[in-house]
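S.K.: Fold the following for me, if possible:
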Amino acid sequence: MKYGIVGASGRMGQEVVRLFGQEGHELTLTSDLAGIERKGTLDVLVDFSSYTALPGTVELCKTHGTALVIGTTALKEEHFALLRDLGKEVAVVQSYNFAMGVNVLKMILRDYAPLLSDWDLEIEETHHNKKKDAPSGTAIFLRDATGRNCPTHSLRLGGVPGDHSVRFANDGEVLTFTHRALARNVFALGALRAALFVAEAEKGFYTFEDVLKKTRKTEERT
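M.R.: Next up, the predicted model:
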């Protein structure tokens, strides 16, 4: 697979380049504050940079007819409108978190949180001290999965890749769901899974949950 990376010099950009290279995929475009360097055609563009870069990313995809994997956080409705519009031309996978465990947790919350609708609910997230947005995009999408608003607490400490805890409680019980990313490469592994999916997918707007369900069906058939 030939791929490009937006935010090539950033933490996640470097992790994606390292992992994709280990798996034999060819880097043919880099984009960051220093400019754009293109070395050939590309099948997929990966963007973990900033929402401010999104218009340029969308333009790159349209210009080259390239599928997109985007993990940028702090997106607003106007950004999702851009991505859904791009999905009319190429395949797009968007997620605030490409860790498999977080996305399974999201599914669990969506299915079972309604059973706890009369319990208290609070979410806590911890990330490294360089993270700019708070609460994290992952905390927001976990909160959305519960189907209701709740207090969300953000901690910025050291080099923590990402911890999220969702706590329910009533007068007699506490139920806690926790996901902890032990290393940043789990997000790059998810991005690779999404990139392989989107490189073959029909045009459209997909979530990482769509990727997991599709690859699961493929594994069951083989």
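S.K.: Need phi/psi at the closest residue to Ala169 other than its chain neighbours.
M.R.: Ranked by C-beta to C-beta, 6 or more residues apart in numbering and with sequence neighbours excluded, the top spatial neighbour of Ala169 is Asp120, at 4.9 Å. From N, CA and C alone the C-beta is placed, and that goes for glycine too. Main-chain torsions, Asp120, degrees, to the nearest 10: phi -70, psi 150.
S.K.: Distance check, Asp120 against His79.
M.R.: With the distance defined as C-beta to C-beta, to the nearest Å, Asp120 ends up 32 Å from His79.
S.K.: likewise Asp47?
M.R.: For Asp47, the distance to His79 under the criterion C-beta to C-beta works out to 11 Å.
S.K.: what about Ala134, how many neighbours?
M.R.: Residue neighbour count, defined by other C-beta atoms under 10 Å, stands at 15 for Ala134.
S.K.: Just the element for Gln12, please.
M.R.: Quick fix: residue 12 reads Met, not Gln. Per DSSP states H and E, Met12 falls inside helix 11-22.
S.K.: Only the buried residues of that helix, if you could.
M.R.: 11-13, 15-17, 19-20 (16 or more other C-beta atoms under 10 Å).
S.K.: what comes into contact with it?
M.R.: Contacts to helix 11-22, defined as C-beta atoms under 8 Å, 6 or more residues apart in numbering, come from residues 1, 3, 5-8, 27, 32, 46, 48-49, 71, 130, 184-185, 187-189, 191-192, 195.
S.K.: Of those, grab the buried ones for ChimeraX.
M.R.: With 16+ other C-beta under 10 Å as the criterion, this ChimeraX line picks the buried residues out of those:
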select :1,3,5,6,7,8,27,32,46,48,49,71,184,185,187,188,189,191,192,195
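S.K.: Residue ranges in this protein under the pLDDT threshold?
M.R.: Counting by pLDDT under 70, the chain shows low-confidence ranges at 217-222.
S.K.: chain center to the longest helix along it: distance?
M.R.: If each helix of the chain is counted by residues according to DSSP state H, the longest one is helix 185-200. Centroid displacement of helix 185-200 relative to its chain, using C-alpha atoms, centre = their mean, to the nearest Å, is 10 Å.
S.K.: circling back: now list whatever residues contact both of Asp47 and His79.
M.R.: Taking C-beta under 8 Å, 6+ apart as the contact rule, Asp47 and His79 both touch Leu54.
S.K.: Compare those two and say which one has the larger neighbour count.
M.R.: Neighbour tally, Asp47 and His79, criterion other C-beta under 10 Å: the higher count belongs to Asp47, 28 against 18.
S.K.: Tell me where the protein has helices.
M.R.: With DSSP H applied, the chain shows helices at 11-22, 54-64, 77-86, 100-112, 137-146, 185-200, 208-221, listed in chain order.
S.K.: what about those, which gets the closest to Leu175?
M.R.: The closest approach between Leu175 and any of the helices of the chain, judged by C-beta to C-beta, belongs to helix 100-112 at 9.6 Å.
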